[in-house]
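S.K.: With the sequence up front, the predicted model follows.
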Amino acid sequence: MRRLDEEPPPGVAPFANEEGARENDTAAADAAAAAPKPETSEPLIQFMTGIREDIAARAPLYRDDWSKPKSAFTVINATVFAFVIQLIPALIFAELMGRETKGNLATAEVLLSSAVIGIIYAIFAGQPMVIMGITGPVAILLGTSYTLTETFDADYFPFFFWVCLWAGLMHMLSAMIGLVSLVWKVTPFTSQIFELFIAVSFIYASLRDLIEPVYLGEGGDRPDRAAQYATLLLGILTYYVSWTLHFAETWTYFTRQIRTVLTSYNTLIAVVVVTALSYLPGVDQGNSLDRVNIEFSPWDWKPTVDRPWIASPLAGISTAGIFGALVPGFMFFLLFIIDHNVSSILSQAPKFNLKKPPAYHLDFFVLGVTFLPCAILGLPPGNGLIPQAPLHVRALCTREHVKDEHGVMRERVTHVEEQRWSGLGQAILMFVALSMFTVIRWIPRGVLFGLLLYLGVGALHGNEIWERICFCFMIEKKRPKIPVVTEVKWSTTVAWTFVQLLCALAVFVVANFTNVGYIYPALLTALVPVRSFILSRLFRAEDVKYLDPTGGNEEDYHHEQIEVHLARHAASLDEEELNFPNRAEFRGQGEKGLHHSHVSSSTGTPVPDDVSDEGAWGFDDSLSVVGVGTEKGALGHLWSEHNQTGRKGRLMKYRAACHHCKLPVPLPLLSSVYLYDHHFSQKGEKVYNQVHNGASAENYGKIKDEVLDTKRLTPEIEKTTELFQLQSALGDMDV
């Protein structure tokens, strides 16, 4: 999850003491938490102050928002991109929602809602580049609250009308009095639990709907058993294709542009490919394969179930039901005040260099307004999407690569098309999707649940709680050198992680296995005071600042993720085990050729042709499972981003010389080779050439001393290069 060094917006109170942060892939509240804490704080309640300031700041720019963009192509590209990355998840959540609400809210309602609320937000919001849509937490909340209609003996859509009406009024009122500032109270402790809860819920729901229909363990013959197995296999295949393409940017195949397209549109590619495979002979026997549930194709512009679009809010519901709808309405408010505002914060991160000011209070007020058409038409409400909204903004950016003061190549945004056309356009395209029901109904349900599994695993991948759980199964010296490992007693880190895991599982159990699952947003919100008033007394402040950091920036985040990535790809053997080349791990390896492509035995990372086994990783490929695997895994990103020429190639050659002589690689020196290319690259080249041409390990000591003999390798350089040693290779890529 990313942390952004973000200042609180005007009229929003900053963090309280020790408060703050939210990726993940919901990844979100870390963004809010990274805000620095000014010495003075503003009062929480300020009637209309924030909205007035937002209107005063954005009103003069409204006409410019509709002006001709500098690059029409960039806007069109961002529009199509935003539409695609929103459409596929919308279909997934529609299928999940349809199952939980017995078809009352399904594909037609989800797509129409995305279109309506997207148009309203693009026209009236202060920051129109935040794209709106239906999210996973909304699908869970609507599914768990469905049983309340039975509790109050009410028809579903009149009850749903009052849920949306109460939620909308709460949003508008909170924006008017300044309660939007509550999002700045959220710390990584809560956001990480939220992300883990969503990840586990997605994984559980996907596996449940893929495996449960097979009825494993039951006897007897079922005529549709083949179709159920086919659904399961198609779901697994969809997950595999999506997850594989998720890392396409690290490949050595194709051009960088092609790899970027494969990564950006991985879910769409998976849907198209696996749907096509489902029509192969023998896969869908007897047309019994379950596909997307669409009653009418093409769509006849009617709701999924037999009902009028506008239902009477007073028919089929009692007074108790009307006021009982306050409970799920309040849950929507608690959910959106975090989820939507964090999406907005991420979309206006400092790295985008936006010129126009934010409008958090006005945006939240407009979000409340979007509940009204949802209440009237019976459509699921939506909010700012994560990560689609920040990705939409990035697609509107013009970027360049420049060297910073340390000589590291950085991506810098030079211009952003700050306009309303792309947000409006992607919402209008949802009407195009509604007219394509004939095509959408071709998609097998197993494909959508496979994508849901991908979303769950993706959210789990990079979640700090899950990372620390994995660290528990590592031996001590293999754990990454990050603050929670080096600065905090490990037993304390384990205790903190156990508390977070327990909270996440408690929320998951309540949401999925009880009759009051709809209260899960309240449970998540309650974690904020638990962190502030209970855990702050159970854990030392010196430890909490590392376990629940309220500051930090993207540099710190990327550095930690690089360390975690390296630790996960580190080899299982120790250096001294090289003294036993007859071990089972080394048998049958033999010597490799000098110039061919291969795959690392420890990381599975493809190695380009110009980096040979013998020249780059030692004469025996088994050397790659020792220490080498760490750098080698990270170099997979380096290879995908740059050609192996110039100083990066020389850096690898110097590293190869160290490995060939079975000597430890001096990491600060390696980073200095990169950062101070002119001086070190020549010496690194000399080391490589002499060793490769037959220099013995004994003579290598003299060569190494020559390389180390320079005034540039000072303690200050070592401190600097410790942070940038691998960032220089990875650039701005996410690990």
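M.R.: Done, it's in. All values derive from a computational prediction rather than experimental measurement. Numbering: from 1, shown residues only.
S.K.: residue boundaries of the strands in this structure?
M.R.: Per DSSP state E, the chain carries strands over the ranges 132-133, 383-384, 397-403, 409-416, 598-599, 606-607.
S.K.: Make JSON lines from the ones you listed and add mean neighbour count and distance to residue 86 to it.
M.R.: (Glycine included, C-beta is placed from N, CA and C.) As requested, the strands of the chain are exported to JSON lines (neighbours: other CB atoms under 10 Å; distance: least, CB to CB, whole Å):
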{"stretch": "strand 132-133", "mean neighbour count": "30", "distance to residue 86": "5"}
{"stretch": "strand 383-384", "mean neighbour count": "30", "distance to residue 86": "11"}
{"stretch": "strand 397-403", "mean neighbour count": "12", "distance to residue 86": "19"}
{"stretch": "strand 409-416", "mean neighbour count": "15", "distance to residue 86": "20"}
{"stretch": "strand 598-599", "mean neighbour count": "15", "distance to residue 86": "36"}
{"stretch": "strand 606-607", "mean neighbour count": "20", "distance to residue 86": "32"}
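S.K.: Can I get the ones you listed in a markdown table including mean pLDDT and distance to residue 279?
M.R.: Output for those, formatted as a markdown table (pLDDT from 0 to 100; distance: least, CB to CB, whole Å):
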| stretch | mean pLDDT | distance to residue 279 |
| --- | --- | --- |
| strand 132-133 | 94 | 29 |
| strand 383-384 | 93 | 36 |
| strand 397-403 | 82 | 39 |
| strand 409-416 | 82 | 42 |
| strand 598-599 | 34 | 33 |
| strand 606-607 | 37 | 32 |
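S.K.: of all those strands, which lies closest to residue 228?
M.R.: Residue 228 sits nearest to strand 132-133 of all the strands of the chain, at 30.6 Å, using CB to CB.
S.K.: Which residues does the closest one contact?
M.R.: Contacts to strand 132-133, defined as CB atoms under 8 Å, 6 or more residues apart in numbering, come from residues 86, 89-90, 114, 117-118, 121, 370, 382-385, 388, 427.
S.K.: same question, stretch 308-315
M.R.: Contacts for stretch 308-315 (CB under 8 Å, 6+ apart): 155, 157-158, 161-162, 165, 302-303, 375-378.
S.K.: repeat that for 10 Å
M.R.: With CB atoms under 10 Å, 6 or more residues apart in numbering as the test, stretch 308-315 has contacts from 112, 154-162, 165, 301-303, 322, 375-379.
S.K.: In helices, which of the residues you listed appear?
M.R.: Among the contacts of stretch 308-315, the residues falling in helices (DSSP state H) are 112, 156-162, 165, 322, 375-377.
S.K.: still on that earlier bit, need the buried ones from the contacts of stretch 308-315 selected in PyMOL.
M.R.: To isolate the buried members of the contacts of stretch 308-315 in PyMOL, using 16 or more other CB atoms under 10 Å:
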select buried, resi 112+154+155+156+157+158+159+160+161+162+165+303+322+375+377+378+379
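S.K.: who's in contact with residue 99?
M.R.: When contacts are taken as CB under 10 Å, 6+ apart, residue 99 is in contact with 106, 139, 143, 205, 208-209, 293, 445, 449.
S.K.: Quick check: the two most widely separated of these?
M.R.: 106 and 208, at 18.4 Å, using CB to CB across the contacts of residue 99.
S.K.: more crowded one of the two?
M.R.: Taking neighbours as other CB atoms under 10 Å, residue 106 and residue 208 compare with residue 106 leading, 23 against 13.
S.K.: Could you check what's spatially nearest to the more buried one, not counting adjacent residues?
M.R.: residue 98 (3.8 Å; CB to CB, 6 or more residues apart in numbering).
S.K.: show me what contacts residue 441?
M.R.: By CB under 10 Å, 6+ apart, residue 441 lies in contact with 107, 291-299.
S.K.: and the strands of the chain as a markdown table, adding distance to residue 350?
M.R.: Shown next, in a markdown table, are the strands of the chain (distance: least, CB to CB, whole Å):
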| stretch | distance to residue 350 |
| --- | --- |
| strand 132-133 | 23 |
| strand 383-384 | 18 |
| strand 397-403 | 13 |
| strand 409-416 | 10 |
| strand 598-599 | 39 |
| strand 606-607 | 35 |
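S.K.: what's the closest of these to residue 243?
M.R.: strand 606-607 (16.8 Å).
S.K.: Would you check how far apart the closest residue to residue 124 other than its chain neighbours and residue 74 are?
M.R.: Spatial nearest neighbour of residue 124, excluding adjacent residues (CB to CB, 6+ apart): residue 366 at 5.0 Å. Plainly put, residue 366 is 25 Å away from residue 74 if you go by CB to CB, to the nearest Å.
S.K.: same thing with residue 278?
M.R.: 36 Å.
S.K.: quick one: which of those two has more around it?
M.R.: residue 278 (21 against 18).
S.K.: Just give me the neighbour total for the closest residue in space to that one that isn't next to it in sequence.
M.R.: Leaving aside its sequence neighbours, residue 278 sits nearest to residue 444 (CB to CB, 6+ apart; 4.9 Å). Residues contacting residue 444 under the criterion other CB under 10 Å number 26.
S.K.: How about residue 481?
M.R.: 12.
S.K.: And the residue nearest to residue 106, how far from residue 105?
M.R.: Taken as CB to CB, the span from residue 98 to residue 105 is 7 Å.
S.K.: Please consider this matter closed, and thank you.
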